[in-house]
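>>> Here you go, sequence then predicted model.
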Amino acid sequence: MDFEIFYGLNGVHFDKSKIASIDGLNGELIYRGYDIRELAIDATFEEVVYLLWYAELPKKAELEKFTADLRSRYKIPEGVIKVLRELPKDTHPMHAIRTGISALASFDKQADDLEMDNIHRIGSKLVAQFPAIVAAFYRIREGKEIIEPDETLSIAANFLYMFNGEKPSQAATHVMDTALILHAEHGSNASAFVCRATASSLTDVYSAVTAAMASLKGKLHGGANTAVMKALEEISSVAGVEDYVLKTLSMPGGRVMGFGHRVYKVLDPRAVILKKVSHNLAEESGDSKWFEMSVEMERVMDLEMDKKGKQIKPNVDFYSASVYRMLGFPGDMYTPIFAVARISGWMAHLYEQYANNRLMRPRLVYEGQRGLKFKAVSER
Ligand SMILES: CC(C)(COP(=O)(O)OP(=O)(O)OC[C@H]1O[C@@H](n2cnc3c(N)ncnc32)[C@H](O)[C@@H]1OP(=O)(O)O)[C@@H](O)C(=O)NCCC(=O)NCCS
């Protein structure tokens, strides 16, 4: 029998969703009806989390209540910090943070309760505590003292504070808010799909989110931003960019990280915004090297892809690399920062999935042998 196979589940719709819409031909991304181009500039991360979860922008009193609730959950259990301290300092941050997230389940007596109220409680807790886990692992591995969260600060400001140990400027907080908003949600990408598929067995939220973290780590997904920075660091000058791109593309299966997307066939709208942010940061800081190298890489890729008749444009991970660099983050922490934002989208997906669950159970077309007879090991 002939079966149609959709490699990489390309083009497969597995459910309906009201969370986000991606128009890959027009370069448009919408969260619950709102264009991210507006949200990224005018909203705070907390407002966007509320929007993703409750399908409308919060009124003043609702936002105050929501924010206060999140802030009351900022502090992570001592036991999780102990787990992080036990890990070798050179552990890949995504392994460490995934372990920390998984460990949170052990300190939650209601981890397995799948009542919707409890799922929401865990969602708020995870959005509140992801930043603290990322910052704690970073500071532990650097041999620095862990900074306690500050409940007077927003998620973006508190994250920068716990990471660097200094209260951030308003400008830095605004950039962080923008980056978090742009990374918050993106439809049924690999990690969101994994999150929903994991939850579909009616396992708990922590397990689903831990699985999503595992998926995000890969360089074809959230790991790309770290890979972009690694490439820029290796190249280290604008003059070296063209050679690097040509050499990479000449290798069998060679890919330039931070370019290409399954859905966008034009420029990723998130990349457009992050390019502007990167440009602004370069001008303000006087350190334009990373931005200029990125622009040069985009130019060379455009030329090379035009020659091949392909539409391979920068994606969200490309300009976020130079933005994070100019905010002072080390390259291997970029994917964890992506997770600090994306936990909000994963939770929105989990609310939908648990509310209308069906076990995900696709099929494979078997092409192996049949009819073989078992022989004892001595006869093989
Ligand atoms: C994101 C990505 C996995 C999407 O892949 P996909 O939809 O499965 O597309 P494919 O891997 O089938 O690629 C289609 C074609 O474009 C090429 N291509 C895709 N991304 C490319 C890149 N970054 N550099 C060079 N060529 C690329 C492929 O080589 C392929 O060419 P071919 O048809 O001649 O074999 C892919 O673009 C990629 O690997 N990008 C780099 C990693 C990255 O930045 N990931 C973050 C995504 S937000």
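Noted; the coordinates are in hand. Keep in mind it's a predicted model, so treat the numbers as computed, not measured. Numbering: from 1, shown residues only.
>>> mind checking the backbone torsions on the residue in the stretch 251-380 of the chain positioned nearest to the ligand?
Among the residues of the stretch 251-380 of the chain, Gly260 lies closest to the ligand, at 2.2 Å counting by Cβ to the nearest ligand atom. Using the backbone N, CA and C atoms, a C-beta is placed for each residue, glycine as well. As for Gly260, its main-chain torsions (degrees, to the nearest 10) stand at phi 90, psi 150.
>>> how near is it to Lys275?
According to Cβ to Cβ, to the nearest Å, Gly260 and Lys275 sit 16 Å apart.
>>> swap in Ser378?
Remark: distance between Ser378 and Lys275 (Cβ to Cβ) = 66 Å.
>>> List phi and psi for Arg121.
Arg121 adopts backbone torsions of phi -60, psi -50, taken as degrees, to the nearest 10.
>>> What number of neighbouring residues does the nearest residue to Ile97 once chain neighbours are set aside come out with?
In space, and not counting its chain neighbours, Ile97 is closest to Pro336: 5.1 Å by Cβ to Cβ, 6 or more residues apart in numbering. Neighbour count of Pro336, defined by other Cβ atoms under 10 Å: 27.
>>> Pro336 touches Arg98, doesn't it?
No - between Pro336 and Arg98 there is no contact, the gap being 9.3 Å when judged by Cβ atoms under 8 Å.
>>> Next up, the contacts around the residue of the stretch 101-250 of the chain found nearest the ligand.
Nearest residue of the stretch 101-250 of the chain to the ligand, counting by Cβ to the nearest ligand atom: Ala224, 3.5 Å away. Going by Cβ atoms under 8 Å, 6 or more residues apart in numbering, Ala224 touches Met257, Gly258, Asn315, Asp317, Phe318.
>>> who in this protein is up against the ligand?
Residues of the chain that fall close to the ligand, judged by Cβ under 6 Å from any ligand atom: 8, 220-221, 224, 255-262, 310, 312, 315-317.
>>> Could you rerun that using 5 Å?
For the chain, the residues in contact with the ligand (Cβ under 5 Å from any ligand atom) are Leu220, Ala224, Arg255, Val256, Gly258, Phe259, Gly260, Arg262, Ile312, Asn315, Asp317.
>>> What number of neighbouring residues does the closest residue to the first one other than its chain neighbours come out with?
In space, not counting the residues next to it along the chain, Leu220 is nearest to Ala190; the distance is 7.6 Å by Cβ to Cβ, 6+ apart. Residues contacting Ala190 under the criterion other Cβ under 10 Å number 17.
>>> so how far is Glu38 from the closest residue to Phe329 other than its chain neighbours?
Spatially, and ignoring its direct neighbours in sequence, Phe329 is nearest to Ile337 (6.5 Å; Cβ to Cβ, 6+ apart). According to Cβ to Cβ, Ile337 and Glu38 sit 23 Å apart.
>>> More neighbours: which of those two?
For Ile337 versus Glu38, the count of surrounding residues by other Cβ under 10 Å is larger for Ile337: 26 against 10.
>>> Next, count neighbours for the nearest residue to Thr210 once chain neighbours are set aside.
In space, and not counting its chain neighbours, Thr210 is closest to Ser102: 4.4 Å by Cβ to Cβ, 6+ apart. Ser102 has 18 neighbours, counted by other Cβ under 10 Å.
>>> Repeat that for His120.
Under the neighbour criterion other Cβ under 10 Å, His120 is assigned a count of 16.
>>> Would you state the strands of the protein in chain order?
In the chain, the strands defined using DSSP state E lie at 20-23, 28-31, 34-35.
>>> residues in contact with the closest residue to Tyr206 other than its chain neighbours?
Nearest non-adjacent residue to Tyr206, counting by Cβ to Cβ, 6+ apart: Ala105, 3.7 Å away. Residues near Ala105 by Cβ under 8 Å, 6+ apart: Ala111, Asp204, Tyr206, Ser207.
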